[in-house]
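# I would like the atomic coordinates for the input below:
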Amino acid sequence: MVKNIFQDVVTRERKSIRHVPIPRKERESNEQSEDILYEREEFQIEESGSFSWRRILLWGIAGLFFILLIIALLTSFTGATVTVSAKAQTVSVQQEFIASRDDGTKLRFVPLPIDETTETVIPAEIERKVEERATGTIIIYNNFSDKPQRLIKNTRFETKDGFIYRVGNSIIVPGRMRKNGQLVPGSVEAAVVADSPGSEYNISLTDFTIPGFKSDPARFSAFYARSKTSMSGGFDGVVKVPSEETLRLTRASLREIAVRSIREQKLAASPPGYVLFDGAIAISHVSLPPEPKDGNRSLVKERTTGAVFVFKEEDIAREIAKVAIPNFNGTPVDIPNLKGLIFLLKEPQGGAAAEAQTIRFSLQGEARVVWLFNAYKLREALLGKNRDELASVLLNFPSIERAEAVIRPFWSRAFPKNP
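Numbers count the residues shown, from 1 in each chain. Have a look, this model is predicted:
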């Protein structure tokens, strides 16, 4: 039988080194090697633990630096805050005052002129024979002297065509004055009413003379007037008109609207540092004739003229303190509730108030008087002073009742030397 040689070769291949089992001694040797590696890993962990001490040291240095930085910041932000309580006193006021519009006076007022027309349309319910006089506004000039001239109520003004119009109130025309080296006539506005009803008195702009001065040629030529508005509203005939009750209620409503609007406008127009009291107003109302509109309706107008008066707050506060506080030395004071006092205007009255040179009024109520002090001077006086010297510094500021100081940093005992 022939031998299978390849089978013998294959048999020897099965006994290759890849299939030879490892002796036990060699395995033990390998296991020992692995144990050594583990021991080295444990040794490396011990080395990383020594590194944490360096981190603690670094954090300690950083913390110390942070504390030093905070101290430096606290030291750099030095300063002081002084809380001051000013001297104050509540006084009872019931006094009459006189104010002037002239500069340099102790108590000065500023007039804010008023000339407002309010209107509305209402139903015309009744046929009636109507006689209405034309009305308008003129400007009266005084080129006669530098002294003011009083014109009495119903003074006549005449056009070149012979139409007569009269003023409804007594009027003071200012004297002429010198401006830029030239004499300028004094002037004042006034509302006038036609001497008779009728549409013929509805005229355009024109010039007027004063018939009452004809006996004095110099005065007659130096006093004159010119139209500011045309004359309108004159009528004589049968028209539809509102009932008397409707007209009365409408006019009352228009007057209330006018006064409210005037107060709001003048309050907004008041100069800074001035006060407008609720009662500091002198006005007069002129009821203009109803005008036919669309056949069955009428246009009703109310004209309001006069002035409101504003006062410099520091001046009137000082004058109140003078009369209400014994031995007041004129130190600047403030009255926060000044507008709460009751203001009663005594003179002047009516539409000519805008031209008044002086006014007389009374004030009543409880006033809170607060003394004022110079904050800049107080700051300068405290620079570089010790905290304990605050009381002695305040002796030079009698308007201050007490003061408290907070100095930074907290351990400092003196005010900063520089503001």
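
# Starting from the longest strand along the chain, tell me which strands it pairs with and how they run.
Longest among the strand segments of the chain by residue count, using DSSP state E, is strand 274-293. Strands adjacent to strand 274-293 in the sheet, as given by DSSP bridges, are strand 297-312 (antiparallel).

# what's the next secondary structure element after the strand it pairs with?
Tracing the chain C-terminally past strand 297-312 and defining elements by DSSP states H and E, one meets helix 313-324 next.

# could you pull out the helices for the stretch 101-250 of the chain?
Along the stretch 101-250 of the chain, counting by DSSP state H, counting those that start in this stretch, helices occupy 217-222, 244-269.

# which residues does Ala403 contact?
When contacts are counted by Cβ atoms under 8 Å, 6 or more residues apart in numbering, Ala403 touches 82-85, 390, 394. Heads up, the C-betas are built off the backbone N, CA and C, glycines and all.

# so it, which of the three states?
Taken by DSSP: H, G, I helix; E, B strand; the rest coil, the conformation at Ala403 corresponds to strand.

# burial measure for the residue nearest to it when sequence neighbours are not counted, as a count.
Once flanking residues are discounted, Ala403 sits nearest to Val84: 4.7 Å by Cβ to Cβ, 6 or more residues apart in numbering. By the other Cβ atoms under 10 Å criterion, the neighbourhood of Val84 contains 16 residues.

# Please compute how far the stretch of helix or strand Val84 belongs to lies from its chain's middle.
Taking DSSP H and E as the criterion, Val84 maps to strand 79-86. The gap between where strand 79-86 is centred and where its chain is centred comes out at 27 Å by Cα atoms, centre = their mean, to the nearest Å.

# Compute the distance between the residue nearest to Leu338 when sequence neighbours are not counted and Glu313, please.
In this structure, Leu338 finds its nearest non-sequential neighbour in Val275, 5.5 Å apart by Cβ to Cβ, 6+ apart. To Glu313, Val275 is 5 Å away according to Cβ to Cβ, to the nearest Å.

# out of the two, which sits in the busier spot?
Val275 (20 against 16).

# Tell me the confidence at the more buried one?
At Val275 the predicted local distance difference test score is 93.

# what bridges to it?
Going by DSSP bridges, Val275 is paired in beta bridges with Phe311.

# repeat for the one 10 residues further on
Beta-bridge pairing of His285 under DSSP bridges involves Thr304.

# ok, how many other residues are close to it?
Applying other Cβ under 10 Å, we find 18 other residues in the vicinity of His285.

# just the one 10 residues further on next, same as before
As a burial measure, the neighbour count of Gly295 was computed by other Cβ under 10 Å and equals 8.

# quick one, what contacts it?
Applying Cβ under 8 Å, 6+ apart, we find Gly295 in contact with 124, 240.

# what about it, is that helix, strand or coil?
Secondary structure for Gly295, judged by three-state DSSP, is coil.

# Which pLDDT value does the model give it?
The per-residue pLDDT reported for Gly295 equals 74.

# re the thing from before, show me what the strand holding Val84 is packed up against.
Contacts of strand 79-86 with other secondary structure elements, assessed using 3 or more Cβ pairs under 8 Å, 6 or more residues apart in numbering; DSSP states H and E, are made with helix 375-382, strand 400-408.

# Let me know which of the ones you listed is the nearest to Ile257.
Distances from Ile257 to each of the helices and strands packed on strand 79-86 were compared by Cβ to Cβ, and the smallest falls on helix 375-382, at 44.8 Å.

# and the next element down the chain from that closest one?
Next along the chain from helix 375-382, counting by DSSP H and E, comes helix 390-394.

# how about that next one: buried residues?
When neighbours are counted by 16 or more other Cβ atoms under 10 Å, the buried residues of helix 390-394 are found to be 390, 394.

# Next: stretch 318-325.
Applying a neighbour-count criterion of 16+ other Cβ under 10 Å, the buried positions in stretch 318-325 are 318-321, 324.

# Can you tell me which of those lies closest to Ile210?
Comparing every one of the buried residues of stretch 318-325 with Ile210 (Cβ to Cβ), the shortest separation belongs to Glu319, at 39.9 Å.

# Mind pulling up the pLDDT for the residue nearest to the closest one when sequence neighbours are not counted?
The shortest distance from Glu319 to any non-neighbouring residue, by Cβ to Cβ, 6+ apart, is to Leu107 (5.2 Å). Model confidence at Leu107, expressed as pLDDT, equals 92.

# Between Val275 and Glu313, which contacts overlap?
Taking Cβ under 8 Å, 6+ apart as the criterion, Val275 and Glu313 both touch Leu338.

# burial count for Glu291?
Per other Cβ under 10 Å, the neighbour tally for Glu291 reads 17.

# need the helices of the stretch 101-250 of the chain in CSV with distance to Thr120, can you?
As requested, these are arranged in CSV below (distance: least, Cβ to Cβ, whole Å):
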stretch, distance to Thr120
helix 217-222, 42
helix 244-269, 6
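
# would you list those in a markdown table and tack on mean pLDDT?
Rendered in a markdown table, the data for those read as follows (pLDDT from 0 to 100):
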| stretch | mean pLDDT |
| --- | --- |
| helix 217-222 | 95 |
| helix 244-269 | 92 |
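
# ok, what's across the strand from Arg368?
The partner list for Arg368 in beta bridges (DSSP bridges) reads Thr90.

# For it, give its distance to Ser230.
As defined by Cβ to Cβ, Arg368 lies at a distance of 52 Å from Ser230.

# picking that back up, verify the contact between the residue nearest to Glu319 and Glu96 for me.
No - using Cβ atoms under 8 Å, Leu107 is not in contact with Glu96; the gap is 11.8 Å.

# Contact partners for the spatially closest residue to Ile281 that is not a sequence neighbour?
In space, not counting the residues next to it along the chain, Ile281 is nearest to Val308; the distance is 4.6 Å by Cβ to Cβ, 6+ apart. Residues near Val308 by Cβ under 8 Å, 6+ apart: 111-112, 114, 262-263, 266, 276, 280-282.

# at 6 Å instead, please
112, 266, 280-281 (Cβ atoms under 6 Å, 6 or more residues apart in numbering).

# Next: Ala191.
Ala191 makes contact with 137, 286, according to Cβ under 6 Å, 6+ apart.

# pLDDT at it, what is it?
The predicted local confidence for Ala191 comes out at a pLDDT of 94.

# From Ser392, how far off is it?
Taking Cβ to Cβ as the measure, Ala191 falls 66 Å from Ser392.

# now do Pro211
Per Cβ to Cβ, Pro211 is found 77 Å from Ser392.

# now swap in Lys106 and tell me
In this structure, Lys106 and Ser392 are separated by 35 Å, where distance is defined by Cβ to Cβ.
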